[in-house]
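got a predicted structure here, sequence first:
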Amino acid sequence: NAGVTQTPKFQVLKTGQSMTLQCAQDMNHNSMYWYRQDPGMGLRLIYYSASEGTTDKGEVPNGYNVSRLNKREFSLRLESAAPSQTSVYFCASSQTGGRSYEQYFGPGTRLTVT
Amino acid sequence: QQQVKQSPQSLIVQKGGIPIINCAYENTAFDYFPWYQQFPGKGPALLIAIRPDVSEKKEGRFTISFNKSAKQFSLHIMDSQPGDSATYFCAARAISGGYNKLIFGAGTRLAVHP
C-alpha cells in the first residue's frame, strides 16, 4: 500500500497563475483533508471531505477550491495564486466513525508563489 | 475556543535527556489528544495519543501526561536520542459533522545533540 500520495512534490508559480494539487489514498478511507503548514502556525485545515461527493470549508479556505473526484482522490485548486499561498500543503485521510481517529498524511507539496 | 497552544517553539537537549513539550486547550468538548511527529521533508505521522479519561499513557520511550482539570497535556521523551530530532505537534479532536477534525498546536522543533 502506498498510503497517501501527493503530486507534485515541488512547484513554483507566478502570481496569478493557477494549478491543481493532486492527492490519492489507497486505504479505503471515507474522509480526506487538505492542510497548509507555515512556520510557527502548525497545520491549518483548508478544506475537508467527509465522504465522496461532499466537501466543506476548514479554517483557511479563501483562495482555494477542492474536488472530491471519487473515494480515492481529493484535489486542491488555486485559481489565481498569491504570494500569501506560499506554503507546504499536506493531504490526509482517515476513517469516519469508530474509535480510530488517526489521520494519515501524504509527503507534502512545497509551493512557492513569486 | 478552538485553539491548542503549544510550547516551547524549539527545544535543544543532550542525548539521554528528557525533553518535555506542553500543550493547553480551552474547549472541553475535545475528546482525543494525539501527538504527531514530523521529520524534515516528510508528512506528520501519529506518534502516540490519549483520551481524557486517562491521566497517563506510555508507548516505549514516549509518555503523554494529561491533566483534565487544568486542560493541559504534555509529551515526555525518555532517554532521548539524536533520531528523535523532529518537529512535534500536539492536537485535539473536535466532533464536527461526524468527521474527524483535528486542531493542531503550532509545533515544537526538537534537536537532540549527541
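Here it is on my side, so go on.

leaving out sequence neighbours, find the closest residue to residue B:63.
Sequence neighbours aside, residue B:76 is the residue nearest to residue B:63 in space, at 4.5 Å (criterion: C-beta to C-beta, 6 or more residues apart in numbering or on different chains). C-beta coordinates here come from the backbone N, C-alpha and C atoms, glycine included.

can you list the strands that the one helix or strand the one you found maps to pairs with?
Element membership for residue B:76 (DSSP states H and E) is strand B:72-77. Next to strand B:72-77 in the sheet, as set by DSSP bridges, lie strand B:20-25 (antiparallel), strand B:62-67 (antiparallel).

deepest-packed of the ones you listed, please.
Across the strands paired with strand B:72-77, averaging neighbours per residue (mean count of other C-beta atoms under 10 Å in any protein chain shown) puts strand B:20-25 on top, at a mean of 20.

after that strand, which helix or strand is next? Please name it.
That would be, after strand B:20-25 and using DSSP H and E, strand B:33-38.

how far out from the middle of the chain is that following strand?
5 Å (C-alpha atoms, centre = their mean, to the nearest Å).

output the contacting helices and strands for that strand.
strand B:45-50, strand B:62-67, strand B:86-96 (3 or more C-beta pairs under 8 Å, 6 or more residues apart in numbering or on different chains; DSSP states H and E).

most tightly packed of these?
Note that of the helices and strands packed on strand B:33-38, strand B:86-96 is the most buried (mean count of other C-beta under 10 Å), with a mean of 21.

for the closest residue to chain A within chain B, give me phi and psi.
For chain B, the residue closest to chain A is residue B:43, as judged by C-beta to the nearest C-beta, at 3.3 Å. Taking degrees, to the nearest 10, you get phi -80, psi 160 for the backbone angles of residue B:43.

nearest residue to it other than its sequence neighbours?
Spatially, and ignoring its direct neighbours in sequence, residue B:43 is nearest to residue A:105 (3.3 Å; C-beta to C-beta, 6+ apart).

check contacts around the one you found.
A:4, A:90-92, B:36, B:43-45 (C-beta atoms under 8 Å, 6 or more residues apart in numbering or on different chains).

then residue A:61?
A:46-47.

residue B:6 now?
So residue B:6 contacts A:42, B:21-23, B:89-90, B:105-108 (C-beta under 8 Å, 6+ apart).

got the residues of chain A near chain B?
A:4, A:31, A:40-45, A:48, A:50, A:56, A:90, A:92, A:94-97, A:101-103, A:105-108 (C-beta under 8 Å from any C-beta of the partner chain).

try 6 Å
A:31, A:40-43, A:50, A:90, A:94, A:96, A:101-102, A:105-108 (C-beta under 6 Å from any C-beta of the partner chain).

got a list of contacts for the strand holding residue B:76?
Outside strand B:72-77, the residues that touch it by C-beta atoms under 6 Å, 6 or more residues apart in numbering or on different chains are B:18-24, B:33, B:35, B:61-66, B:84.
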